[in-house]
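[1] Got a sequence here, can you build the structure:
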Amino acid sequence: MFQLGYRTIIPLWLCCLFQMGACGTSPPSVVQKHNALKSRIAALENESLGPIDSGNAIAHPTENTEYIIAHRDEAVALLVEALREEHKPVLIAYAAYCLRRIGSNRGKDRAASLYKALAQRGDQVSLKERFARYELKEYLDQAH
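    Numbering: from 1, shown residues only. Here you go, the predicted structure:
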């Protein structure tokens with residue numbers, strides 16, 4: 001029979017332990033980064049409204065918006081997708097805010113459609129919807 005002594009087992013055990021530790025500290029995968037970005041964008045729906053100016057809330061920098069903006073190229077498609085959530089005005093407002101700060105006009109058509117629908121309702125909108133309308137207008141003004 002083959003016998004292993006302590007001199008063989010300990011280095012072998014340390015090697016296995018080191019390899020497990022190295023795996024635990026490996027950089028995040030592309031999928032993990034994408035999922036983290038999607039989570040941050042979804043969390044925009046729960047952000048607080050910014051300061052109110054002339055009856056409109058204004059978006060402000062948050063931990064989520066700054067993270068999203070820092071991942072510009074990866075974030076744009078997900079932000080444009082967020083503009084499809086027409087029953088989530090806070091998400092729409094912050095998505096437009098992020099797209100404006102990134103400088104992308106890829107969501108311009110969808111933003112124009114949303115803005116038109118909100119503008120047609122006039123004063124018959126909630127504070128959150130006015131917030132979305134304001135941020136969509138700001139985005140559209142810059143995207144031209």
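[2] For the rest of this, base every contact and every neighbour count on C-alpha atoms.
    Noted.
[3] Quick one: find the helix or strand in this structure with the lowest mean pLDDT.
    When each helix and strand of the chain is scored by mean pLDDT, DSSP states H and E, helix 6-24 comes last, with a mean of 51.
[4] helix or strand right after that helix?
    helix 30-43 (DSSP states H and E).
[5] Return the set of buried residues in that next one.
    Buried residues in helix 30-43, counted by 16 or more other CA atoms under 10 Å: 34, 37, 38, 40, 41, 42.
[6] Help me confirm that residue 123 is found in a helix?
    No: read with DSSP: H, G, I helix; E, B strand; the rest coil, residue 123 is coil and lies in no helix.
[7] one step back: mind picking the two most distant members of the buried residues of helix 30-43?
    The two members of the buried residues of helix 30-43 with the most space between them (CA to CA) are 34 and 42, at 12.3 Å.
[8] dump the residue contacts of the residue positioned nearest the centre of the chain.
    Of all residues in the chain, the one closest to the mean position by CA atoms, centre = their mean is residue 41, 2.7 Å from it. Counting by CA atoms under 8 Å, 6 or more residues apart in numbering, residue 41 touches 64, 68, 78, 79, 82, 91, 95.
[9] I'd like the distance between it and residue 53.
    25 Å (CA to CA, to the nearest Å).
[10] Same check on residue 106?
    Residue 106 is 28 Å from residue 53, by CA to CA.
[11] Over to residue 129?
    15 Å.
[12] who's more crowded, these two?
    residue 129 (23 against 8; other CA atoms under 10 Å).
[13] doesn't residue 89 make contact with the more buried one?
    Yes: between residue 129 and residue 89 a contact is recorded at 5.4 Å, counting by CA atoms under 8 Å.
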